[in-house]
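J.: I'll drop the sequence and a predicted model, then ask my questions.
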Amino acid sequence: MVDHYQVLGITRNATRQEVKDAFRRLAIKYHPDKHAQSPDHVRHNATVRFKLVSEAYEVLNDDRKRSSYNAVSDSDCFRRTGGSYSNPYGNRSGRAYGYGYSARNRQGSSFSNGFDSTFRYLTTRAFLLNLALAGGLYFAFAAIDSSGETLWKMRNSGKSFEEAMESIEKTKAHKDEG
């Protein structure tokens, strides 16, 4: 995930006007029409950068999207770790844009890292939907099971289910003998 603030070259507390100005400046610089006569690699690079700039503007110009983006990028469980991360600007710093620290800079025990991973997994939408489905199925089967016994008692008030099963077994055994 790319840091939209770094793509536009602005700070996190930039105003909407600053976001707009930065977008216009970079959109003019990287617009595909401006690079139509350029070599393929330059044209491709400009197109990628133009898409990144447009995406950053779309997110940072809308207050709801911006607050959601800030919440996700600020949360510790979404930080990227080190490695050989390569961004579209050619910076191979080993750090994803704005998403925290490399593994050697992160502090905490293996228990806390394991807890973070477990918590992240348990709060995913897919896990929660599967959990809700499993719970619904469990309660549906429990309701069907208890309703069968209730219906039996309503229709056969003189006998219990066990007594009826014993009489059926006796009848089967009697038929097998004769």
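T.: Looks like it arrived, so ask away. Numbering: from 1, shown residues only.

J.: can you give me the helices for the protein?
T.: Using DSSP state H, the helices of the chain run over 4-8, 16-30, 40-61, 63-74, 110-122, 125-155, 161-177.

J.: Using JSON lines, lay out those together with mean neighbour count.
T.: C-beta here means a position set from N, CA and C on the backbone, and glycine is covered the same way. Below are the helices of the chain laid out as JSON lines (neighbours: other Cβ atoms under 10 Å):
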{"stretch": "helix 4-8", "mean neighbour count": "22"}
{"stretch": "helix 16-30", "mean neighbour count": "15"}
{"stretch": "helix 40-61", "mean neighbour count": "16"}
{"stretch": "helix 63-74", "mean neighbour count": "13"}
{"stretch": "helix 110-122", "mean neighbour count": "11"}
{"stretch": "helix 125-155", "mean neighbour count": "10"}
{"stretch": "helix 161-177", "mean neighbour count": "10"}
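
J.: Would you mind putting those into JSON lines with mean pLDDT alongside?
T.: What follows is those, written out as JSON lines (pLDDT from 0 to 100):
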{"stretch": "helix 4-8", "mean pLDDT": "91"}
{"stretch": "helix 16-30", "mean pLDDT": "93"}
{"stretch": "helix 40-61", "mean pLDDT": "91"}
{"stretch": "helix 63-74", "mean pLDDT": "85"}
{"stretch": "helix 110-122", "mean pLDDT": "72"}
{"stretch": "helix 125-155", "mean pLDDT": "83"}
{"stretch": "helix 161-177", "mean pLDDT": "84"}
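
J.: So which residue is smack in the middle of the protein?
T.: For the chain, residue 124 is the residue whose C-alpha lies nearest the centre (Cα atoms, centre = their mean; 5.3 Å).
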